[in-house]
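[1] the following comprises the amino acid sequence and a computationally predicted model.
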Amino acid sequence: MQEEVESRVVTLIVDTGKLTEQELRKALGKLLEQMKASHQQHQYNKANPHGKMTVKQLAAQNQGMQSIEVSDKNIGSFNRIAQKYGIDFAPFKVKGENRYMVFFKAPDKDAMTAAFKEYTGKQLKKAERPSVLEKLQKFKTLIKAAVVDRTRKKERER
């Protein structure tokens, strides 16, 4: 049976005139500190999630939850705006029905209202825009209507 080996590669670039043992030791020490800091940050983020999460994780944060009913399946477009305003949310599909409940938590009410205002503004703007296919059909009809005579007439004068 062949043993599976996991390999990890780290690239370390050191800008020195002459690479000595002390310079290498300093560089490796800084690298280890950076790796420990990123590992601690990763552990913190796992323990305290933000943005889109499950309802259970959202309820565990011990703050007041608010909910809203959404019929649109594309709640993912709200994710960017929610991160901008620091809003945590959890979409939940109601069983047997074609609707979604979205639970929210925000640091304050102003952040939540600003996020909803921006999201609804973007959705209305998107609905008002004409589709690209409609524009393409319009240009096709214009091109067909304006047929240009492309035959060449060759005449020689003597």
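    Nice, I can see it.

[2] residues making contact with stretch 24-41?
    Contacts of stretch 24-41 with the rest of the structure, by C-beta atoms under 8 Å, 6 or more residues apart in numbering, involve Val10, Leu12, Val14. Yep, even glycine has a C-beta here, placed from its N, CA and C like the rest.

[3] 6 Å - rerun?
    Identification of contacts with stretch 24-41 by C-beta atoms under 6 Å, 6 or more residues apart in numbering yields Leu12, Val14.

[4] name the strands paired with the helix-or-strand element of the chain with minimal mean pLDDT and say parallel or antiparallel.
    In the chain, the helix or strand scored least confidently by mean pLDDT, DSSP states H and E is strand 66-70, which has a mean of 72. The pairing partners recorded for strand 66-70 under DSSP bridges are strand 100-105 (antiparallel).

[5] buried residues, the least confident helix or strand of the chain. List them.
    By neighbour count on 16 or more other C-beta atoms under 10 Å, the buried set for strand 66-70 is empty.

[6] following element in sequence after it, please.
    helix 79-85 (DSSP states H and E).

[7] could you dump that following helix to CSV, C-alpha only?
    This file holds the C-alpha atoms of helix 79-85, laid out as CSV (Å, rounded to 0.1, in the frame of the first residue of the first chain):
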residue,chain,number,x,y,z
ASN,A,79,-24.3,39.4,0.1
ARG,A,80,-21.9,42.2,-1.1
ILE,A,81,-24.1,45.0,0.3
ALA,A,82,-24.6,43.0,3.6
GLN,A,83,-20.8,42.7,4.0
LYS,A,84,-20.4,46.4,3.3
TYR,A,85,-22.7,47.4,6.2
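
[8] mean confidence score for stretch 144-158?
    Stretch 144-158 comes out with an average pLDDT of 72.
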